[in-house]
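Chemist: My questions concern the predicted model and sequence given below.
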Amino acid sequence: MTGTTVASTPQAATDRPRGAAPLNLADYRAAALKILPTAAFDYLEGGAADEHTVRWNHEAYQRLALLPRVLAGHVGAHTGCSVFGTALDSPILLAPAASHRLFHPGAEAATAHGAAAAGALMTVSTFSSQTVEEIGATATGPWWFQLYVQRDRALTAELVRRAAAAGARACVVTVDTPVTGVRERDLRNGFALPSHGTPANLAHVQGSSTHGAIHDPRIDPAVGWDDLERLRAVCGLPVLAKGILRAEDAQRAADAGFGVWVSNHGGRNLDTAAATLSALPAIAERVAGRVPVIVDGGIRRGTDVVKALALGADAVAIGRPYVWGLAVGGADGVRDVVQTLRRETELAMALVGAATLDDLTADLVVPAGVHRP
Ligand SMILES: Cc1cc2nc3c(=O)[nH]c(=O)nc-3n(C[C@H](O)[C@H](O)[C@H](O)COP(=O)(O)O)c2cc1C
Ligand SMILES: CC(C)CC(=O)C(=O)O
């Protein structure tokens, strides 16, 4: 893809007046909008085509209301959990996002530090701007590796082996991107990932572009279930399939022991794909607790986390919000975004009468609007 590249790397906003400190994730978005070059903000913010799915992901949470239990007799709420054997302080994960250096000079290392400070698990993209070895050497918290299966399967195997050797605790195979969606903001901006965003993990590969295109021809469109089996054998790690929206696909993943990551890629690929929250209950029912179920897309408030867990997710992941934090404050911004969402989650749990994540059950959620018991 040709086009102008974003030349400048934004600096962290260290000189914000105290009174302007972000209170919630939407405040971080507003601050990131002020700092980032337009093309970088649009790449982060945007979705495919008319961006219906981007909106639906978020609105699906607003279409549900909570029915709190009272007099539950709890003191506070505890968000501790374990996902695929990794103990976590809270069920809030960082979804993979390409090229963190586009948003902050500290790149993925800064994200890793912020995630660790918040006790959150980070997922490192195949298209990270630092190598898995660099990230693994600096990460003090748990992290997973997100894989885009490459047409070159020897290279694919090498990638997951490198990630495992660098300390990744699971491999998340993205299954919703046989091709990338048409991101019209990027087309209008003539946007291509800048040279400092070139996928570091692939920099040694012959023919690898020095100006990584968003619509990357190296991603193999013909990925099958047998690829996931082979990858699990190669890396020896738990494998999750990211991008599942259909219950029968979730069932097949669970039958094979693959974790299920419910996602429509943040509305960035197939516009008018279903909101992830709409897809979640049927998926959770089929999986029936056999493997972890993670959901992402549009989660911006603690009440969203509570609703997702009540409807069957074991954990949620956020994409854009932690990148807003990264842009605004580097590692501290990432940490603060996660901690803010976690505090909101704890508060919402206390208010619905839930002491632990197990207390978040489907009866807490009803359609919003007029409720007739
Ligand atoms: C800037 C950006 C880059 C992304 N890069 C990747 C990626 O490399 N691999 C991947 O599987 N998903 C990628 N995603 C999708 C996210 O992992 C996640 O599914 C989505 O952002 C969740 O929705 P949310 O941003 O509304 O929280 C990216 C998303 C954004 C916003
Ligand atoms: C390089 C891209 C394929 C990364 C991505 O998944 C995205 O921008 O949504």
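Modeler: Good, I have the coordinates. Ligands and ions are numbered 1, 2, ... in the order given.

Chemist: what kind of secondary structure is S82 in?
Modeler: Following DSSP: H, G, I helix; E, B strand; the rest coil, the label given to S82 is strand.

Chemist: who's in contact with L33?
Modeler: Contacts for L33 (CB atoms under 8 Å, 6 or more residues apart in numbering) come out as F41. Yep, even glycine has a C-beta here, placed from its N, CA and C like the rest.

Chemist: I'd like to know how many residues surround the nearest residue to L240 once chain neighbours are set aside.
Modeler: Ranked by CB to CB, 6 or more residues apart in numbering and with sequence neighbours excluded, the top spatial neighbour of L240 is G259, at 3.3 Å. G259 has 27 neighbours, counted by other CB atoms under 10 Å.

Chemist: Give the next helix or strand downstream of the helix or strand encompassing L240.
Modeler: Using DSSP states H and E, L240 sits in strand 239-244. Where DSSP H and E defines the elements, the next helix or strand beyond strand 239-244 is helix 247-255.

Chemist: Could you tell me the average pLDDT over that next one, please?
Modeler: Per-residue pLDDT over helix 247-255 has a mean of 98.

Chemist: Neighbouring strands - and their directions - for the helix or strand following that helix?
Modeler: Using DSSP H and E, the helix or strand that directly follows helix 247-255 along the chain is strand 259-262. Next to strand 259-262 in the sheet, as set by DSSP bridges, lie strand 239-244 (parallel), strand 293-296 (parallel).

Chemist: Could you measure from the residue nearest to L240 over to ligand 1?
Modeler: Separation of G259 from ligand 1 (CB to the nearest ligand atom, to the nearest Å) stands at 14 Å.

Chemist: My guess is A87 contacts G119. True?
Modeler: No: look at A87 against G119 with CB atoms under 8 Å: they stay out of range, at 9.6 Å.

Chemist: Of the two, which one has the most company?
Modeler: G119 (19 against 10).

Chemist: any idea what sits nearest that one, other than its immediate chain neighbours?
Modeler: D89 is the one closest to G119 (CB to CB, 6+ apart), at 3.3 Å.

Chemist: Hmm, E59 is touching T276, no?
Modeler: No: in this structure E59 lies outside contact range of T276 using CB under 8 Å: 11.7 Å.

Chemist: The two: which is more packed in?
Modeler: Taking other CB under 10 Å, E59 and T276 do not tie; T276 has more neighbours (30 against 13).

Chemist: And the more buried one, what's its pLDDT?
Modeler: Looking at T276, the pLDDT reads 98.

Chemist: for the one 3 residues further on, same thing?
Modeler: A279 carries a pLDDT score of 98 in this model.
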